[in-house]
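Asker: this one's structure only:
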């Protein structure tokens with residue numbers, strides 16, 4: 001079946017091109033994409049050839065992962081359901097993760113239309129939710145997973161390292177659970193999105209180092225440390241901030257050193273969490289929080305591009321010629337005809 005997709009053809013090369021996807025089977029749902037949200041970090045690490053699959057860093061001698069269909073998240077309208085699918089109907093708005101594709105390094109991707117997916121990879125959108133807001137559901141679920149792992153509530157204090165999308169959604173989740181949250185990052189324009197409520201603090205680490213800045217906000221330390229940037233050095237540097245029986249969440253991708261001194265964690269009886277990927281229950285919980293307005297996704301979108309200009313979107317993300325955070329690709333109705 002003919003389709004269109006955003007393809008990484010080589011290192012730092014992005015094209016929007018014709019592709020072939022398999023014919024749907026009895027357990028499949030076919031969706032015409034309308035909005036697909038770029039994962040700046042994960043997709044970018046493939047484009048820069050820093051990883052060869054979801055959790056495996058590239059090492060010299062590995063085959064480069066090209067061509068590959070980028071992405072893993074989009075919303076759109078159902079155009080076909082297999083004979084075994086009884087709970088999704090043609091014409092419904094849905095969210096979908098990865099669809100199948102032929103002739104690529106990996107047989108699946110996200111920025112594809114029409115997209116052929118197993119029913120297990122499809123979520124019906126709740127009534128009234130914006131399909132744009134839901135188009136980054138997998139990535140929002142990563143942030144929710146970070147914020148939902150450690151015990152949190154009124155009186156607890158959390159420090160989230162990284163002002164990217166995952167950092168924002170981790171901070172939003174912890175704040176929703178009742179914690180006082182410090183979001184630390186290097187971009188004032190991104191940090192500005194974490195505002196408008198009590199128990200929210202922003203820390204620009206270009207101006208103030210994370211240790212002294214955090215101590216200035218909470219002299220007694222923090223109960224929770226969430227690292228979304230993939231830096232063991234930062235985690236260990238923040239060790240003196242941790243209260244006894246605290247929790248560390250390591251969520252960033254480690255393209256290099258990922259070794260941690262576990263014995264040092266024992267001095268404070270600290271718990272380490274290492275969340276990864278997505279699962280059905282967390283996706284449903286995240287979707288419900290977006291629909292209820294507890295997680296803000298659409299407010300983090302800084303740019304929208306027609307999908308035909310995916311290469312321009314990636315040039316902006318990589319070169320950062322202007323402030324950028326959430327980037328959504330918009331698909332025309334006739335993109336696959």
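Answerer: All right, it came through fine. Quick caveat: nothing in here was measured; it's all calculated off a predicted structure.

Asker: Give me the distance between the residue most central in space within the chain and residue 178.
Answerer: With distances taken as C-alpha atoms, centre = their mean, residue 139 lies nearest the centre of the chain, 2.4 Å away. Per C-beta to C-beta, to the nearest Å, residue 139 is found 24 Å from residue 178. Where you see a C-beta, it was placed from the backbone N, CA and C, and this is true even at glycine.

Asker: next one: residue 84
Answerer: To residue 178, residue 84 is 43 Å away according to C-beta to C-beta.

Asker: now swap in residue 208 and tell me
Answerer: Distance, residue 208 to residue 178, using C-beta to C-beta: 26 Å.

Asker: ditto for residue 213
Answerer: From residue 213 across to residue 178, the span is 23 Å (C-beta to C-beta).

Asker: So for those two, which sits in the more crowded spot?
Answerer: Set residue 213 next to residue 178 and count neighbours by other C-beta atoms under 10 Å: residue 213 wins out with 18 against 13.

Asker: In which helix or strand does the more buried one reside?
Answerer: helix 210-217 (DSSP states H and E).

Asker: Which secondary structure state is assigned to residue 276?
Answerer: Taking DSSP: H, G, I helix; E, B strand; the rest coil as the rule, one finds residue 276 in the coil state.

Asker: Could you check how many residues crowd around it?
Answerer: 11.

Asker: same check, this time on residue 248
Answerer: For residue 248, the number of neighbouring residues by other C-beta under 10 Å comes to 23.

Asker: Please apply the same query to residue 6.
Answerer: By other C-beta under 10 Å, 28 other residues sit near residue 6.

Asker: Do I have it right that it meets residue 307?
Answerer: Yes: taking contacts as C-beta atoms under 8 Å, residue 6 lies within contact range of residue 307: 6.8 Å.

Asker: list residues touching both of the two?
Answerer: Here residue 6 and residue 307 have 16, 36, 111, 329 as joint contacts, going by C-beta atoms under 8 Å, 6 or more residues apart in numbering.
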